[in-house]
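Colleague: Show me how the following folds:
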Amino acid sequence: MFMELVLFSLMLTIIATSVAAQPKPGCQSHCGNITIPYPFGTGSAADCYINESFFIRCDTGFDPPRAFLNATDIQVLHISVDGYLRIQYLVGYDCYNSSGTSAYFSTGFTLEKFFISHTRNKFTAIGCDTYAYVEGFSGRTYSTGCVSFCYDETDVVNGSCFGIGCCQTVIPKGVTDYDVSFGSYWNHSKVLSFNPCSYGFAVEDGAYNFSLSHFLDPNFGKKKFPIILDWTIGNESCREARMNPQNYACKGNTTCIDPENGSGYLCKCVNGFQGNPYLSYGCQGNDLT
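Modeller: Numbering: from 1, shown residues only. The predicted model follows:
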């Protein structure tokens, strides 16, 4: 009986997820392996997405095709109608050899409508002669960072990210951009044999596991890590949006939610209904309950 209940609950979850991930009728539903639910959309028909910010560029030059956020180089890995999407982005680095700086790359991006989740991401820096900071100036000006030191590779503990070889810090609320910069006290000269580079990147909390082997991995600077972005509809609060019913995005059997991160609002099916709250007749009663 217990196993039947577990399987039934799993089936409901799968059905609810599938129903919610609906495109607008007549619009392309996938880009490669990525499902594209409305208010996002792809293809040439402008009415398949709610506005330009929610356009997904489907690049068929890859096999399978890859989804990108609008006209940017930001690859989309997952879109949820619950108000977030998962992207992946580059690692920044600051590398040295016996002559001094050998390579430097400052990573980051600027978005207009999407907020870097302050609860589901961490800014991460690794290195034994490393101070890295992240800052932004679009919408909200901020600057933060962390410091990581060690003098011997035996000091480093795999999986530990508390300042000895690896450090992490939170990204502030309401941030739509970030830019990573680095500094080094001794140009890595004291740790060059096992740690020639500093690395910095924003990453979904729990998606990165630190390892000493990353210090000498020649491909680590080419990696991309997942980042969670929060999205909302418009810039109005729920109360303000309801006053303009012609443009109000929440359809039948829905409720409006003021988000924790950023301006605008979100829509959600009311209890007992499931589906895509941004589509007409998108929230349907659950006949299985």
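
Colleague: Which residue would you name as the spatial centre of the protein?
Modeller: Ile228 (2.1 Å; Cα atoms, centre = their mean).

Colleague: got a pLDDT number for it?
Modeller: pLDDT recorded at Ile228 is 98.

Colleague: for it, which residues make a bridge with it?
Modeller: Note on Ile228: beta-bridge partners by DSSP bridges are Arg86.

Colleague: Not counting residues beside it along the chain, what's closest to Glu153?
Modeller: Phe194 (4.7 Å; Cβ to Cβ, 6 or more residues apart in numbering). (C-beta placed from N, C-alpha, C; glycine too.)

Colleague: Then Leu111?
Modeller: Thr176 (4.8 Å).

Colleague: so where do the helices sit in the stretch 151-289 of the chain?
Modeller: Secondary structure of the stretch 151-289 of the chain (DSSP state H, counting those that start in this stretch): helices located at 238-242.

Colleague: Could you list the low-pLDDT ranges of it?
Modeller: Applying pLDDT under 70 to the stretch 151-289 of the chain flags the ranges 287-289.

Colleague: Sort out which residues of stretch 215-226 are buried, please.
Modeller: Phe215, Phe220, Gly221, Phe225, Pro226 (16 or more other Cβ atoms under 10 Å).

Colleague: scratch that, stretch 119-134 is what I was asking about
Modeller: 120-134.

Colleague: swap in stretch 171-190?
Modeller: For stretch 171-190, by 16+ other Cβ under 10 Å, it's 171-182, 184, 187-188.

Colleague: What is the distance between stretch 89-101 and the centre of its chain?
Modeller: Put simply, stretch 89-101 sits 25 Å off its chain's centre (Cα atoms, centre = their mean, to the nearest Å).

Colleague: What lies in contact with it?
Modeller: Outside stretch 89-101, the residues that touch it by Cβ atoms under 8 Å, 6 or more residues apart in numbering are 74-75, 102-109, 127, 130, 132, 180, 182-184, 187-189, 192, 196-202, 220-225, 227.

Colleague: end-to-end on it?
Modeller: 24 Å (Cα to Cα, to the nearest Å).

Colleague: how about that stretch: buried residues?
Modeller: Across stretch 89-101, burial judged by 16+ other Cβ under 10 Å covers Tyr89, Leu90, Val91, Gly92, Tyr93, Asp94, Cys95, Tyr96.

Colleague: returning to what we had before: thought the residue nearest to the centre of the chain was touching Asn121?
Modeller: Yes. If you go by Cβ atoms under 8 Å, Ile228 and Asn121 touch, sitting 5.7 Å apart.

Colleague: between the two, what contacts are shared?
Modeller: Overlap of the contact sets of Ile228 and Asn121 (by Cβ under 8 Å, 6+ apart) consists of Glu204.

Colleague: Quick one: residues contacting Cys197.
Modeller: Tyr93, Asp94, Cys95, Tyr96, Ala103, Gly127, His188, Phe215, Phe220, Gly221.

Colleague: Recalculate using a threshold of 6 Å.
Modeller: By Cβ atoms under 6 Å, 6 or more residues apart in numbering, the residues touching Cys197 are Tyr93, Cys95.

Colleague: Does the residue nearest to the centre of the chain touch Asp205 like I think?
Modeller: No. Using Cβ atoms under 6 Å, Ile228 makes no contact with Asp205, being 8.2 Å away.

Colleague: Pull up the overlap in contacts between those two.
Modeller: Both Ile228 and Asp205 are contacted by Arg120, under the criterion Cβ under 6 Å, 6+ apart.

Colleague: before we move on, back to that, share the number of residues neighbouring the residue nearest to Glu153, please.
Modeller: 15 (other Cβ atoms under 10 Å).
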